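[1] Got a sequence here, can you model it:
(one chain, ligands or ions: 2)
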Amino acid sequence: MILTLTPNPAIDITYRIAAVTLGESHRVEHVTERAGGKGINTAAVLTSMGVDALALAPVGDATQPFFAADLDGRGIRHHLVRAPRPTRRSVALVDDAHEATLFNEAGAPMPDAVWHEVIGQVERLGGAGGVLTVSGSLPAQSPTDLVARVTRAAHEAGVRVVLDVSGPALSNSLAFAPELVKPNRSEAIATLTALNRADPAASAAEPLTETSATGLARLLVEAGARAAVVSDGAAGLALAAGSVSLRAWLPKALQGNPTGAGDALTAALAASLDDLPPDRLPDDREAWAEVLRRGVAWSAAAVLQPVAGPIDPGDVARLLPTVEIEETLS
Ligand SMILES: Nc1ncnc2c1ncn2[C@@H]1O[C@H](COP(=O)(O)OP(=O)(O)OP(=O)(O)O)[C@@H](O)[C@H]1O
Ligand SMILES: [Mg+2]
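    Ligands and ions are numbered 1, 2, ... in the order given. The predicted structure is shown next:
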């Protein structure tokens, strides 16, 4: 079973307006609202692919009924931790002329008791041999070692950890040897830059902005991750794990909505780990190649969906055989 933790969920609100003019008022005829956040989307992807998933998130008291009803309606299993602060909102303004314009509230600070309960639920619900994903941002003023604490607690419960977090949440967790980390390219650069500040020897090395995705993945492994996948939009992704370095991509970029592609990739990586015996990571190139093939196909299938969330297994089946994979030096 895969437990997906969303530390900073949101009510995703979409306003559809034909034309937006800054400084003017607009009548909004069409509004949709749903339970959102990257871990929620990861659970939606897993559910749509028939993989057993449970979404875990702290949700404000007043928002709990809405979240529960929305997730139930979409067939997503969930455990919502009661939070005494309101759940944030993310507003997407969709007009005819632009891509969506997003307004993401930061998320109200949560008392430590909430994180204590979340970590307790990771230990209880994770289930030895299972996989935990942690995705997205943290609410304002969250402890910078929160994800590190979650990682340690999961490991003590025998649960493997996939992290799709960035900034201090990622850099502070690497020392706890998460099984897999999945930043995108700019998140990987930002995380490694922050780590390098504390390491004068590193500043002499090649600038990170010039480093290949595989090179960035290798540096994340050297910093403590058991394996790292660095995603790079339509260019695909790169993996470093043990002595294996691979790149995987689709020969032709897809047109569509890339929002949520990273969540689908995280879902695919977690599903692949969950298929392995506990305590195991793939230990050969062929096994990792299959993990990446699934990662590229699921994430590309997400680009074909109008909103982040479920993907179509038919798209995945069609895309899987088209994924290109090569071994790289790094
Ligand atoms: N246009 C595209 N065509 C095909 N595949 C794509 C495209 N965009 C993204 N992907 C796939 O999705 C993966 C993840 O994309 P990306 O690197 O943009 O993630 P991200 O920045 O974490 O996204 P998000 O956090 O918004 O979900 C890529 O590695 C690639 O496999
Ligand atoms: Mg992402």
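
[2] just how off-centre is the helix or strand Ser272 falls within within its chain?
    Using DSSP states H and E, Ser272 sits in helix 261-274. Chain-centre distance of helix 261-274: 8 Å, with C-alpha atoms, centre = their mean, to the nearest Å.

[3] Dump the helix or strand of the chain with the lowest mean pLDDT to PDB, keeping only the CA atoms.
    When each helix and strand of the chain is scored by mean pLDDT, DSSP states H and E, helix 185-197 comes last, with a mean of 90. The C-alpha atoms that make up helix 185-197 are tabulated as PDB, following Å, rounded to 0.1, in the frame of the first residue of the first chain:
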ATOM      1  CA  ARG A 185      15.700  20.300 -12.400                       C
ATOM      2  CA  SER A 186      15.400  23.700 -10.800                       C
ATOM      3  CA  GLU A 187      14.500  22.200  -7.400                       C
ATOM      4  CA  ALA A 188      17.500  20.000  -7.600                       C
ATOM      5  CA  ILE A 189      19.800  23.000  -8.400                       C
ATOM      6  CA  ALA A 190      18.300  25.100  -5.600                       C
ATOM      7  CA  THR A 191      18.700  22.200  -3.100                       C
ATOM      8  CA  LEU A 192      22.300  21.400  -4.100                       C
ATOM      9  CA  THR A 193      23.200  25.100  -4.100                       C
ATOM     10  CA  ALA A 194      21.900  25.400  -0.500                       C
ATOM     11  CA  LEU A 195      23.900  22.300   0.500                       C
ATOM     12  CA  ASN A 196      27.100  23.600  -1.300                       C
ATOM     13  CA  ARG A 197      27.000  26.800   0.800                       C
END
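
[4] Please see if the helix or strand following that helix touches ligand 1.
    Proceeding N to C from helix 185-197, the next assigned helix or strand is helix 213-222, under DSSP H and E. No - on the criterion C-beta under 6 Å from any ligand atom, helix 213-222 is out of touch with ligand 1, staying 8.9 Å away. From N, CA and C alone the C-beta is placed, and that goes for glycine too.

[5] Can you list the buried residues in helix 213-222?
    If you call a residue buried by 16 or more other C-beta atoms under 10 Å, then helix 213-222 has these buried ones: 213-221.

[6] now swap in stretch 86-99 and tell me
    87-95.

[7] from the residues you listed, which single one is nearest Thr42?
    Of all the buried residues of stretch 86-99, Ser90 has the smallest distance to Thr42: 16.1 Å, by C-beta to C-beta.

[8] Quick check: chain neighbours aside, which residue is closest to that closest one?
    Excluding its sequence neighbours, the residue lying closest to Ser90 (C-beta to C-beta, 6 or more residues apart in numbering) is Ala10, at 4.2 Å.

[9] Which pLDDT does the model give the one you found?
    At Ala10, the pLDDT value in this model is 98.
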